[in-house]
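In: predicted model and sequence below, questions to follow.
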Amino acid sequence: MSFLVRAASRDDLQQLYELARQFTLLNLPAEKRIIETKVERSMASFAGELGKNEAEYIFVVEDSEGQMVAGSSMILAKNGTPTSPNFSFKVLKKERFSRELGVGFIHQILRLNTNIDGPTEVGGLVVDRAYRRRPEKVGRMISLSRFIYIGMEPKRFAEELHSEMAPPLSEEGRSEFWEALGRRFTGMPYTEADQISSQNNGFIQSLFPEEDIYLALLDSKARLVLGRVAEETQAALHLLNRIGFKYKDEVDPFDGGPHLGCKTQECTLIKNLRSYKLKKLKSGQFEHSGLFGLSRDGSYVGSASSYRIEGHEIVLPEKTWVLMNMSEGEEIFLSPL
């Protein structure tokens, strides 16, 4: 099978809706109206019609043989603006010592953090269940292609990258961290609070405590999940770690999931990104493999392919030319795998 990564279009609305129904995700809810709004915003973002504070990009990976959307991923150009701050809990250490008793403790504490000049967030990674654990590694392709585009258009994005990882939840979708902390200060169940925050998160600053919160005072179940990722998120975590992302000693204020970060230019895919002119040859060996992308008509297309370099030109297999409908001399951006 051949898979093509591209910017989402209006023609993808129904398939994105069907994909969203397989999961419970705030950034891809199973509501056609919301998905349509997001796709329209994404198309305007790719076309350069929205500024950094408003831009949001949706990518899909298409099974070109079956013309099926096999997965999607997103970029939020700026997570944290003056009108929509980003909130998190910093995980810090505080020492307490009693000379009288000769006893000391190092406590972990949570401190609410507000960011109005936030990083670029990569998120919304979903893969249709029928395409998981396939040898083509569709999830890796749709996840990593975002960084190719960021490297192609660096002025559209922040100097730091950010990712919020999903934590362990119960089978009923219960967050032990939220039950031990957030619910006590908001009076809302986890799913309701999380949904409201996607539209307006101002209540976090209004209701959450400004004072340091000692983890020793929280329920043991809440402490156990703090900073951990769900089992199904482990692969995404390892993928991000391999390209330079690290834990920021910061967690989500709702569910305690870890936040990862990386300087944009230190992400290995972006650091190793190079541009070449396409050269068409029908024969020869292709010694290397990589991810590539190109801008076309105010949009984006890309894929994974074998290749070889000849000077300042790149040669790709004929099946890649057919898949991408390429033209000789086009500029292509490539990062080796």
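Out: Good, I have the coordinates.
In: give me phi/psi at residue 52?
Out: Residue 52 has phi and psi values of phi -60, psi -40 when expressed as degrees, to the nearest 10.
In: that one contacts residue 153, correct?
Out: No. Contact between residue 52 and residue 153 fails when scored by C-beta atoms under 8 Å: they sit 10.8 Å apart. (Glycine included, C-beta is placed from N, CA and C.)
In: wasn't residue 44 part of a helix?
Out: Yes. Assessed by DSSP: H, G, I helix; E, B strand; the rest coil, residue 44 belongs to a helix.
In: in contact with it, which residues?
Out: Counting by C-beta atoms under 8 Å, 6 or more residues apart in numbering, residue 44 touches residue 50.
In: roughly how far does it sit from residue 264?
Out: Residue 44 sits at a distance of 22 Å from residue 264 (criterion: C-beta to C-beta, to the nearest Å).
In: other residues contacting stretch 302-312?
Out: Contacts for stretch 302-312 (C-beta under 8 Å, 6+ apart): 2-6, 141, 145, 148-149, 276-277, 279, 284-294, 314-317, 320, 323-324, 334, 337.
In: which positions in that stretch come out as buried?
Out: For stretch 302-312, burial by neighbour count (16 or more other C-beta atoms under 10 Å) applies to 302, 303, 304, 305, 307, 308.
In: which ones are touching residue 215?
Out: Residue 215 sits in contact with 107, 108, 109, 110, 223, 226, where contact means C-beta under 8 Å, 6+ apart.
In: let's have those in CSV, adding neighbour count, distance to residue 65 and secondary structure.
Out: Output for these, formatted as CSV (neighbours: other C-beta atoms under 10 Å; distance: C-beta to C-beta, whole Å; DSSP: H, G, I helix; E, B strand; the rest coil):
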residue, neighbour count, distance to residue 65, secondary structure
107, 14, 57, strand
108, 17, 51, strand
109, 17, 53, strand
110, 23, 49, strand
223, 17, 48, helix
226, 23, 44, coil
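In: low-confidence ranges, the protein, go.
Out: Within the chain, the ranges that satisfy pLDDT under 70 run 1, 24, 26, 282-283.
In: look up how far residue 36 lies from the nearest residue to residue 64 once chain neighbours are set aside.
Out: Leaving aside its chain neighbours, residue 64 sits nearest to residue 2 (4.7 Å; criterion: C-beta to C-beta, 6 or more residues apart in numbering). To residue 36, residue 2 is 28 Å away according to C-beta to C-beta.
In: so what are the domain limits for the chain?
Out: The record's domain parsing of the chain by automatic domain parsing lists 80-117+159-271, 273-336.
In: mind listing what's buried in stretch 51-67?
Out: 54, 55, 56, 57, 58, 59, 60, 61, 62, 63.
In: hmm, the last one is touching residue 131, no?
Out: Yes. If you go by C-beta under 8 Å, residue 63 and residue 131 touch, sitting 7.4 Å apart.
In: out of the domains of the chain, nearest to residue 48?
Out: Among the domains of the chain, domain 273-336 comes nearest to residue 48, with 6.8 Å by C-beta to C-beta.
In: can you map out the helices along the chain?
Out: 13-20, 32-46, 138-152, 176-180, 182-186, 190-199, 202-207, 220-225, 234-242, 268-271, 318-324 (DSSP state H).
In: so which of these is nearest residue 162?
Out: helix 234-242 (10.6 Å).
In: show me what that closest one is packed against.
Out: Where contact means 3 or more C-beta pairs under 8 Å, 6 or more residues apart in numbering; DSSP states H and E, helix 234-242 is packed against helix 138-152, strand 258-263.
In: rewinding a little: anything in contact with each of residue 63 and residue 131?
Out: Contacts common to residue 63 and residue 131, judged by C-beta under 8 Å, 6+ apart, are residue 70.
In: need the contact list for residue 316.
Out: 278, 286, 305, 306, 307, 326.
In: and residue 92, by the same measure?
Out: 108, 109, 110, 111, 212, 249.
In: at 6 Å what do you get?
Out: Counting by C-beta atoms under 6 Å, 6 or more residues apart in numbering, residue 92 touches 109, 111.
In: distance check, it against residue 162.
Out: 19 Å.
In: CA atoms of stretch 68-80 as PDB?
Out: Only the C-alpha atoms of stretch 68-80 are listed here, as PDB (Å, rounded to 0.1, in the frame of the first residue of the first chain):
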ATOM      1  CA  MET A  68      -9.200   6.100   3.000                       C
ATOM      2  CA  VAL A  69      -8.100   8.500   5.700                       C
ATOM      3  CA  ALA A  70      -6.100   6.200   8.000                       C
ATOM      4  CA  GLY A  71      -5.200   8.800  10.600                       C
ATOM      5  CA  SER A  72      -4.700  12.400  11.400                       C
ATOM      6  CA  SER A  73      -2.500  14.800  13.500                       C
ATOM      7  CA  MET A  74      -2.500  18.500  14.300                       C
ATOM      8  CA  ILE A  75      -0.300  21.500  15.000                       C
ATOM      9  CA  LEU A  76      -1.500  24.400  17.100                       C
ATOM     10  CA  ALA A  77       0.900  27.200  16.100                       C
ATOM     11  CA  LYS A  78       0.700  28.800  19.500                       C
ATOM     12  CA  ASN A  79      -0.600  27.200  22.700                       C
ATOM     13  CA  GLY A  80      -0.900  30.200  25.100                       C
END
